[in-house]
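Chemist: Structure for this input, please:
(one chain, ligands or ions: 2)
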Amino acid sequence: MEVKTFKGGAHVPHYKSYTENKPITRLSLPQEVIIPLLQCLGEPCEPLVKAGDKVKIGQKIGDSKEFFSAPVHASISGIVKAIEKRTVPSGGEDDCIVILADDGPQEFEMKQVRDPENVDLEIYRKCVREGGLVGMGGAALPTHIQTKHDDGVNTLLLNGAECEPFLTCDHRLMLEKTEALVKGAELKMKSIGAQRTLFGVEVNKPDAIKAINELIKDREDMEVVPLAVKYPQGFKSHLIKAATGRDVPRGARSAQLGCIVRNVGTTVAALEAYVYDKPMIERIVTVSGPKVARPGNYLVRIGTPASHILKECGMEEIENHKLVLGGPMTGLAQPHLEVPIVKCTTGVIILPPEMTREWMDYTDCVRCGKCVDHCPMMLYPNQISIWAEKDMYDEAEKGDLMDCIECGICSYICPAARPIVHWVQRAKPEIKKRQRSRK
Ligand code: SF4
Ligand code: SF4
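Modeler: Ligands and ions are numbered 1, 2, ... in the order given. Coordinates of the predicted model:
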């Protein structure tokens with residue numbers, strides 16, 4: 001078996017054994033969900049409901065006229081308790097619709113309304129948009145912006161690398177929903193005009209590779225590309241390089257290289273949006289950490305507070321541990337447990353002190369150069385982070401801060417424990433705002 005990869009990156013501990021053999025299980029229903037009006041890399045929604053309104057599961061409750069946006073839906077049936085600022089996983093507070101469960105139907109009816117064999121592409125694109133789909137691997141780009149046919153695109157590259165420590169939700173999805181994944185890939189290929197699908201999967205998931213291979217063994221238009229276990233193998237440009245051999249120049253769109261990259265979870269969600277009219281109201285989340293009593297891969301309603309998830313997993317108090325939503329490399333540590341999971345939340349990870357680097361303990365850069373040596377984007381993380389920390393946005397932009405893929409290797413490897421990614425993330429919206437006003 002030929003194993004492909006990219007140059008650079010780092011080998012980080014996996015910690016996947018806590019959950020990699022745990023089948024997907026539905027989590028109990030929370031009494032309250034918190035639905036942020038902004039859950040994508042784009043513009044926030046306007047609420048379509050008000051406090052006191054009764055809502056049904058799957059009902060659209062927020063939308064925007066902007067193209068770069070995705071609507072949000074009620075993930076439970078209930079009463080709108082409030083529309084107010086709440087803590088969100090991306091940091092700080094944002095407008096959220098809070099819903100209290102009532103005795104209405106709480107299961108989405110998976111009734112087939114369309115045949116995936118006879119796809120109507122216009123309806124497919126509408127379903128993806130109206131279903132509020134976003135990239136579920138963490139990027140949260142609205143999915144509908146990449147459903148149009150593009151003459152230059154010949155390859156659909158499905159991202160099943162899941163290179164971050166602890167996370168196993170994509171692994172279990174590839175193993176347990178293989179048929180839906182392949183069907184979803186067929187729909188997506190038709191939608192973008194691609195002639196082939198490559199499934200990029202790290203070789204630490206041999207059962208998933210086997211399951212996909214068995215299903216596509218008679219097809220010439222689909223192939224599994226086994227990938228080396230290395231971080232950040234699942235990042236778009238590195239995945240494209242490893243799977244297709246094509247270099248992705250800085251700032252280039254993957255479509256310009258004939259390739260569209262899609263997370264495996266989003267691919268299944270898009271199939272369900274078309275076949276069942278199912279909006280994005282739930283997702284698989286890995287709940288893990290050395291002290292979690294019942295770690296696993298859980299099907300969780302969007303908006304469920306982390307406190308409910310942890311209680312169900314046998315951990316009501318986290319004491320001196322840290323709650324991270326997402327993977328430990330790219331996810332964000334949360335200030336408290338009443339923060340909801342959103343469409344792109346891959347994991348609820350509880351890290352003990354020995355696995356975390358307390359931001360307050362960082363020191364000045366000691367100029368060791370390790371971050372420069374390991375940065376997969378060939379940046380100078382030491383320098384751009386100093387500019388970002390000091391709000392020197394023009395200098396940071398000229399230093400290519402916007403090319404940072406937020407992989408977290410620099411912060412992980414830094415002997416001074418500098419929170420480089422945190423500063424980069426803080427600077428990006430401001431630089432984007434300046435770029436927009438210049439245009
Ligand atoms: S600067 Fe960005 S791309 Fe480079 S190592 Fe740090 S997080 Fe990764
Ligand atoms: S790894 Fe940390 S200490 Fe070393 S050069 Fe980079 S920022 Fe400075």
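Chemist: how about stretch 192-203: buried residues?
Modeler: I192, G193, A194, T197, L198, F199, G200, V201, E202 (16 or more other C-beta atoms under 10 Å). C-betas here are computed from N, CA, C, even on glycine.
Chemist: Next, report how far that stretch is displaced from the centre of its chain.
Modeler: Taking C-alpha atoms, centre = their mean, to the nearest Å, one finds the center of stretch 192-203 at 18 Å from the center of the full chain.
Chemist: Could I get the average pLDDT for it?
Modeler: For stretch 192-203, the mean per-residue pLDDT is 95.
Chemist: Using CSV, write down the CA coordinates of it.
Modeler: Extracted in CSV, the C-alpha atoms of stretch 192-203 (Å, rounded to 0.1, in the frame of the first residue of the first chain):
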residue,chain,number,x,y,z
ILE,A,192,-19.5,20.2,-9.3
GLY,A,193,-18.8,18.3,-12.5
ALA,A,194,-16.0,16.2,-11.1
GLN,A,195,-15.0,12.9,-12.8
ARG,A,196,-13.5,11.2,-9.9
THR,A,197,-13.5,11.0,-6.1
LEU,A,198,-10.4,10.5,-3.9
PHE,A,199,-11.0,9.5,-0.2
GLY,A,200,-8.0,10.8,1.7
VAL,A,201,-7.7,8.7,4.9
GLU,A,202,-4.8,8.4,7.4
VAL,A,203,-3.5,4.9,7.7
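Chemist: So for I79, what's the nearest residue that isn't a sequence neighbour?
Modeler: L100 (5.2 Å; C-beta to C-beta, 6 or more residues apart in numbering).
Chemist: That neighbour belongs to a strand, doesn't it?
Modeler: Yes. Assessed with DSSP: H, G, I helix; E, B strand; the rest coil, L100 lies in a strand.
Chemist: In contact with it, which residues?
Modeler: Q31, E32, G78, I79, K81 (C-beta atoms under 8 Å, 6 or more residues apart in numbering).
Chemist: same check, this time on E176
Modeler: For E176, the contact set (C-beta under 8 Å, 6+ apart) comprises P23, I24.
Chemist: what about it, distance to I240?
Modeler: 27 Å (C-beta to C-beta, to the nearest Å).
Chemist: can you tell me which residues contact the residue of the stretch 201-350 of the chain found nearest ligand 1?
Modeler: Residue nearest to ligand 1 within the stretch 201-350 of the chain: P232 (7.2 Å; C-beta to the nearest ligand atom). Neighbour list for P232: G9, C163, H238, M329, P376, I405, C407, I409 [criterion: C-beta under 8 Å, 6+ apart].
Chemist: State the phi and psi torsions of the nearest residue to it once chain neighbours are set aside.
Modeler: Closest residue to P232 apart from its sequence neighbours, by C-beta to C-beta, 6+ apart: C407 at 4.0 Å. Backbone dihedrals for C407, given as degrees, to the nearest 10, come out at phi -70, psi -20.
Chemist: burial of C407, as a residue count?
Modeler: 24 (other C-beta atoms under 10 Å).
Chemist: and it, what does it touch?
Modeler: Taking C-beta under 8 Å, 6+ apart, one finds Y231, P232, F235, M329, T330, P376 in contact with C407.
Chemist: Check G314 too.
Modeler: V292, A293, R294.
Chemist: let's see 10 Å
Modeler: V287, K291, V292, A293, R294, P295 (C-beta atoms under 10 Å, 6 or more residues apart in numbering).
Chemist: Touching, the first one and K311? I think so.
Modeler: Put plainly, it is V287. No. In this structure, V287 is not within contact of K311 by C-beta atoms under 10 Å, at 11.0 Å.
Chemist: neighbour-wise, which of those two wins?
Modeler: V287 (29 against 15).
Chemist: which residues does the residue of the stretch 151-300 of the chain at minimum distance from ligand 2 form a beta bridge with?
Modeler: Per C-beta to the nearest ligand atom, Y231 is where the stretch 151-300 of the chain lies closest to ligand 2, at 16.0 Å. Per DSSP bridges, the residues bridged to Y231 are A10.
Chemist: Show the pLDDT at it.
Modeler: So, for Y231, pLDDT stands at 91.
Chemist: E358 too?
Modeler: Residue-level confidence at E358 comes out at 58, pLDDT.
Chemist: and if you look at I260?
Modeler: Looking at I260, its pLDDT is 91.
Chemist: quick check, it in a helix?
Modeler: No. In this structure, I260 is strand, not part of a helix, as judged by three-state DSSP.
Chemist: I'd say it and G135 touch.
Modeler: No. Counting by C-beta under 10 Å, I260 sits too far from G135 to count as a contact (11.5 Å).
Chemist: To what extent is E2 buried, counted in neighbours?
Modeler: E2: 5 neighbours (other C-beta under 10 Å).
Chemist: give me every residue that touches it.
Modeler: By C-beta under 10 Å, 6+ apart, the residues touching E2 are V225, P226.
Chemist: State the distance from it to ligand 2.
Modeler: 34 Å (C-beta to the nearest ligand atom, to the nearest Å).
Chemist: Report how many residues lie close to R436.
Modeler: 8.
Chemist: quick one: pLDDT of it?
Modeler: Predicted confidence (pLDDT) for R436: 83.
Chemist: Residue numbers of the stretch 251-400 of the chain in contact with ligand 2?
Modeler: Within the stretch 251-400 of the chain, the positions near ligand 2 by C-beta under 6 Å from any ligand atom are C365, V366, R367, C368, G369, K370, C371, P381, N382.
Chemist: Run a quick neighbour tally on G258.
Modeler: Neighbours of G258 using other C-beta under 10 Å come to 17.
Chemist: what residues are up against the closest residue to it other than its chain neighbours?
Modeler: Once flanking residues are discounted, G258 sits nearest to N154: 4.9 Å by C-beta to C-beta, 6+ apart. In this structure, N154 makes contact with M189, I192, G193, A194, Q195, R196, T244, L257, G258, C259, I260, judged by C-beta under 10 Å, 6+ apart.
Chemist: 7 Å - rerun?
Modeler: The contact partners of N154, taken as C-beta atoms under 7 Å, 6 or more residues apart in numbering, are A194, Q195, R196, G258.
Chemist: Out of the residues you listed, list just those in strands.
Modeler: In strands, defined here by DSSP state E, the members of the contacts of N154 are R196.
Chemist: if we can go back for a sec, quick one: buried ones out of the contacts of L100?
Modeler: E32, G78, I79.
Chemist: gap between the last one and V33?
Modeler: So that's I79. 12 Å.
Chemist: Give the residues shared as contacts by these two.
Modeler: Between them, I79 and V33 share these contacting residues under C-beta under 7 Å, 6+ apart: I99.
Chemist: Just among the residues of the stretch 251-400 of the chain next to ligand 2, which is most surrounded?
Modeler: For those, neighbours tallied by other C-beta under 10 Å; top is P381, 28 neighbours.
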